[in-house]
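With the sequence up front, the predicted model follows.
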Amino acid sequence: MVINYGKHFIDDDDLKNVLNTLKSNKITQGPQTINFENELKKYFKSKFCSVVSSGTAALHLVGKALNWKEGDVILLPAITFLATANCVEYNNATVCLVDVNKNQNTIDVNDVDRKIRKYRKKVKAIIGVDYAGYPCDWIKLKKIAKKYKIVLINDNCHAMGTAIKGDKGYALKYADIITHSYHPVKSFTTGEGGAILTNNKIIDSKIKILRNHGIVNREKSEKLKPWLYQMKYLGFNYRMSDINAALGRSQLKKIDKFVKKRNKIAEIYDKNFQKLKFFEVPPRNKDILSSYHLYNLKIDFKKLKKNKRDFFIYLKKNLINAQVHYIPIYKQPYYKNKYKFKHVDYPNSEIFYQNEVSIPIYYSLKEKDITYILKKIFQYFSRCK
Ligand SMILES: Cc1ncc(COP(=O)(O)O)c(C=O)c1O
């Protein structure tokens, strides 16, 4: 069987919860959704939470709620999933890509500063991505955001379960809004799903209206005419169903267990890869517990005169499905054509892309699988020094 870079884990509790919901009277937005939102608020220490149909929908709605429009500039890292940039495009604003830093693979604060000085008041928001589960330099980002009065967003899709100094609610200490994705390869899953968490009541109520077609004042209207509903904004159907929320509720109970196991696997990988200097392991810091959404190994293929493509083919032949997270946004045809981005402007992202390989890490990965993966990788590089 192929060992994928990531995988979900479903147990009997998950099955029972979903089945009970399927047998209930409400399978779209209902009690499971409300309870799931309350449990998310508690775990991630937010005042408000809106669950939605995906992490992409969450980002789209954030831009809508903040009224992004043509001419607005939104800063985001060059290394992230497409959705982080696409949400800017959906709102007709301008994507401004920022290089990542060398070691943490997160948005480079010096480049953020440069870009703000270049675009000045047009910059409306910074989206940081806690890449692979390792947090951005949020202290510095918050300072910058405060100085220039810019909204700070944490696309936290990789880092549910990450903690700074033991605090799993760290993200909203710095960012104004955070977004989650509950896609199956993430820290925990709802199948498809996402959420927006914030301490800002106005933003939250806008999001709750926009995820449900832009319909407002339903209760008030019902008193006037029982059938009445009023659409005030152009909204969407981005609701999460109670079936997905039921799964999310039992999955959330396991998040700490999932993260603990991922840390255990990362420790074994680190210990082995650190033996050879051409491997670079993910960043570590005693104050940070990473969710290890990914285990991003960096290999200096150029120096070793090895070909990354050959390595991937070799892994595939050996039933190991690695991946690259991510192809830099500026290399994607849509963005390259529209913005005329030049790779020379992103030196760290370029090196990252040459070297990065995401190797399997997930809760149900067995010890014998880890041993096998290590054996195969070390075999491939056996003649390298
Ligand atoms: C950083 C980041 N942002 C946004 C998303 C989008 O989430 P979803 O797949 O739930 O739409 C992802 C998903 O892979 C992601 O990794």
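Cool, the structure landed. Computed from a prediction, not measured in an experiment: that's the story for all the values here.

Would you mind pulling the contact partners of stretch 77-87?
Residues from elsewhere that reach stretch 77-87, judged by C-beta atoms under 8 Å, 6 or more residues apart in numbering: 55-56, 59-60, 62-63, 76, 95, 97-100, 105-108, 127-129, 131, 155, 157, 181, 325-326, 328-330, 332, 335, 346, 349, 352-353. C-beta coordinates here come from the backbone N, C-alpha and C atoms, glycine included.

typed the wrong thing, it's stretch 193-201
Under the contact criterion C-beta under 8 Å, 6+ apart, stretch 193-201 has outside partners 37, 40-41, 44, 46-58, 61-62, 157, 171-172, 176-183, 203-204, 207, 240, 244-245, 248.

quick one: Ile116 from Tyr174, how far?
Ile116 sits 17 Å away from Tyr174, taking C-beta to C-beta, to the nearest Å as the criterion.

Using the record's assignment, carve the protein into domains.
In terms of domains, the chain is parsed into 3-252, 255-380 (source: automatic domain parsing).

pLDDT-wise, which helix or strand of this protein ranks last?
Within the chain, no helix or strand scores below helix 218-224, which has a mean of 64 by mean pLDDT, DSSP states H and E.

could you point out which element follows that helix?
Counting by DSSP states H and E, the element after helix 218-224 in chain order, helix or strand, is strand 230-231.

Strand partners (parallel or antiparallel) of that next one?
Within its sheet, and counting by DSSP bridges, strand 230-231 is paired with strand 215-216 (antiparallel).

Looking at the stretch 101-250 of the chain, which residue is nearest the ligand?
Across the stretch 101-250 of the chain, the shortest distance to the ligand (C-beta to the nearest ligand atom) belongs to Ser181, at 3.3 Å.

same deal with the stretch 51-200 of the chain?
Shortest the stretch 51-200 of the chain-to-the ligand distance, computed as C-beta to the nearest ligand atom: residue-wise this is Gly55, at 2.5 Å.

residues touching that residue, list them.
Residues near Gly55 by C-beta under 8 Å, 6+ apart: 83, 155, 157, 179-183, 193-194.

Just the ones in strands from the residues you listed, please.
In this view, the contacts of Gly55 that belong to strands under DSSP state E are 155, 179-181, 194.

The residue of the stretch 51-200 of the chain closest to the ligand and Gln274, how far apart?
Gly55 is 32 Å from Gln274, where distance means C-beta to C-beta.

Kindly report the same for Lys121.
Going from Lys121 to Gln274 by C-beta to C-beta gives 46 Å.

What of Asn318?
In this view, Asn318 and Gln274 are 23 Å apart by C-beta to C-beta.

Looking at those two, which is more packed in?
Of the pair Asn318 and Gln274, Asn318 is the one with more neighbours under other C-beta atoms under 10 Å, namely 16 against 11.

close enough to count as contact, the more buried one and Lys376?
Yes - counting by C-beta atoms under 8 Å, Lys376 is a contact partner of Asn318 at 4.9 Å.

Any idea how far the top helix by length along the chain is from the middle of the chain?
Longest helix of the chain, by residue count under DSSP state H: helix 255-273. Mean-position distance between helix 255-273 and its chain equals 19 Å (C-alpha atoms, centre = their mean, to the nearest Å).

The helix or strand following it - contacts with which helices or strands?
Going down the chain from helix 255-273, the next helix or strand is strand 279-280, by DSSP H and E. Using 3 or more C-beta pairs under 8 Å, 6 or more residues apart in numbering; DSSP states H and E, the elements in contact with strand 279-280 are strand 295-299.

name the helices or strands packed onto the strand it packs on?
If you count contacts as 3+ C-beta pairs under 8 Å, 6+ apart, strand 295-299 packs onto helix 255-273, strand 279-280, helix 347-355, strand 356-359.

what angle do the first one and strand 295-299 make?
With axes from the mean of the first three to the mean of the last three C-alpha atoms, to 10 degrees defining the directions, helix 255-273 sits at 20 degrees from strand 295-299.

Next, the buried residues of helix 255-273.
255-256, 258-259, 261-263, 265-266, 269, 272-273 (16 or more other C-beta atoms under 10 Å).

could you check the distance from His183 over to Ile373?
His183 sits 23 Å away from Ile373, going by C-beta to C-beta.

The two - which one has more neighbours?
A side-by-side neighbour count of His183 and Ile373, using other C-beta under 10 Å, places Ile373 first with 24 against 19.

the inter-axis angle of whichever strand or helix holds that one versus helix 255-273?
Per DSSP H and E: Ile373 is located in helix 367-380. Computed with the same axes, to 10 degrees, the direction of helix 367-380 lies at 30 degrees from that of helix 255-273.

for helix 367-380, what is the average pLDDT?
When pLDDT is averaged over helix 367-380, the result is 97.

Find the nearest non-adjacent residue to the residue sitting nearest the centre point of the chain, please.
Of all residues in the chain, the one closest to the mean position by C-alpha atoms, centre = their mean is Cys157, 2.1 Å from it. Leaving aside its chain neighbours, Cys157 sits nearest to Ser181 (3.9 Å; criterion: C-beta to C-beta, 6 or more residues apart in numbering).

hmm, back to that, now the ones in strands among the contacts of Gly55 as CSV including pLDDT and neighbour count?
Formatted as CSV, the ones in strands among the contacts of Gly55 follow (pLDDT from 0 to 100; neighbours: other C-beta atoms under 10 Å):
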residue, pLDDT, neighbour count
Asp155, 98, 29
Thr179, 98, 30
His180, 98, 31
Ser181, 98, 28
Gly194, 98, 27
